[in-house]
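Participant: Predicted model and sequence below, questions to follow.
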Amino acid sequence: MKGQQTVMELQNVSFAFTNASRGEYESMIIGGVSFSAKEGEFVSIIGPSGCGKSTLLRIMAGLVAARSGKVRYYGNEIKGPTEGISFVFQDVALLPWLTNVENVKLGLSFSDLDEEKQEQTANALLEKFGLSGFEHSYPNSLSGGMRQRVGIARAIASEPKVLLMDEPFSALDALTAGSLRADIVYMLKNKNISVSSVILVTHNVEEAVELSDSIIVLSDRPSRIKEIIKVDLPYPRNKRSRKFVDLTDEVYGLLTD
Ligand SMILES: Nc1ncnc2c1ncn2[C@@H]1O[C@H](COP(=O)(O)OP(=O)(O)OP(=O)(O)O)[C@@H](O)[C@H]1O
Ligand SMILES: [Mg+2]
């Protein structure tokens, strides 16, 4: 099922903000970016702060329109929010007035499942993410890591093919982040779970090397691709191995040169 088909393809995508108060002045953010993600692939995007990584992810989600270029999902051009593509935000964005299970059910709002099936699916997801017993409590009674797991459960509830993640682990402690990273890789490599590509924005070089099949290294804005680093190491990766350390150094080098 998770074969070699191209899932997402970006072709020369650029983006600029137009500042109306300063006339037609355009501030170029993304200068033209092309890459693709195949089924089964984990792709990370890394680059200096402000180079447009979050914007690029929003373009892929169909939440923001590119200035030029094209984004395709299984060959079809993305023109708005698209079924099969889910987004995990850095700040989770759970609704505090809904219970955890209701928050997960939000991910199913567009499904044709009846109310009872939605409830079952949401409960099963919470259980899978170690949150049994917290179904009917509210997000503010959870730790940051638990909230992020509810956010991920919500994002995968609709069985998306593509999971777009914007620095989802950066606000978590090291242990929680580590176990969530393992969950995401497991999801991607497990053929019984729908997710067939993950595209992750991160600032964390080690995280990118630990998780990715390819690392897209962006330049300062207007951002372009400096290099695409392929990481051909088996999971789980040994952070002390020579190859791991060399790749980490290579990405640091690209970011700082
Ligand atoms: N509404 C806006 N009008 C003008 N410029 C904006 C607007 N929103 C964001 N920007 C600029 O666009 C650039 C790209 O923002 P974006 O959030 O995509 O960067 P990023 O790479 O995700 O940064 P970070 O690593 O800090 O999260 C930034 O330089 C920001 O200042
Ligand atoms: Mg960002």
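Facilitator: It's in. Ligands and ions are numbered 1, 2, ... in the order given.
Participant: where's the most centrally placed residue in the chain relative to residue 11, distance?
Facilitator: Nearest to the geometric centre of the chain sits residue 165, at 1.9 Å (Cα atoms, centre = their mean). With distances taken as Cβ to Cβ, to the nearest Å, residue 165 is found 22 Å from residue 11. Every residue, glycine included, has its C-beta placed from N, CA and C.
Participant: what does residue 148 give?
Facilitator: Computed as Cβ to Cβ, the residue 148 to residue 11 distance reads 32 Å.
Participant: higher neighbour count, those two?
Facilitator: Each of residue 148 and residue 11 has its neighbours counted (other Cβ atoms under 10 Å); residue 148 has more, 25 against 16.
Participant: residue contacts, the more buried one?
Facilitator: Contacts for residue 148 (Cβ atoms under 8 Å, 6 or more residues apart in numbering) come out as 88, 92, 168-169, 171-172, 176, 180.
Participant: quick one: which of the residues you listed is most hemmed in?
Facilitator: residue 168 (25 neighbours).
Participant: residues from the protein in reach of ligand 1?
Facilitator: Counting by Cβ under 6 Å from any ligand atom, the residues of the chain close to ligand 1 are 17, 27, 29, 49-55, 221.
Participant: Produce a ChimeraX select command limited to the buried residues of these.
Facilitator: A single ChimeraX command selects the buried members of the residues of the chain next to ligand 1 (16 or more other Cβ atoms under 10 Å):
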select :29,51,52,53,54,55,221
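Participant: Same list (the residues of the chain next to ligand 1) but as CSV, adding distance to residue 72, secondary structure and pLDDT.
Facilitator: Converted to CSV, the residues of the chain next to ligand 1 look like this (distance: Cβ to Cβ, whole Å; DSSP: H, G, I helix; E, B strand; the rest coil; pLDDT from 0 to 100):
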residue, distance to residue 72, secondary structure, pLDDT
17, 24, strand, 87
27, 27, strand, 87
29, 21, strand, 95
49, 28, coil, 93
50, 27, coil, 93
51, 23, coil, 95
52, 19, coil, 95
53, 20, helix, 96
54, 21, helix, 94
55, 18, helix, 95
221, 24, coil, 93
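Participant: For residue 214, state which of the residues of the chain next to ligand 1 is nearest.
Facilitator: Nearest to residue 214, judged by Cβ to Cβ, of the residues of the chain next to ligand 1 is residue 53 at 15.0 Å.
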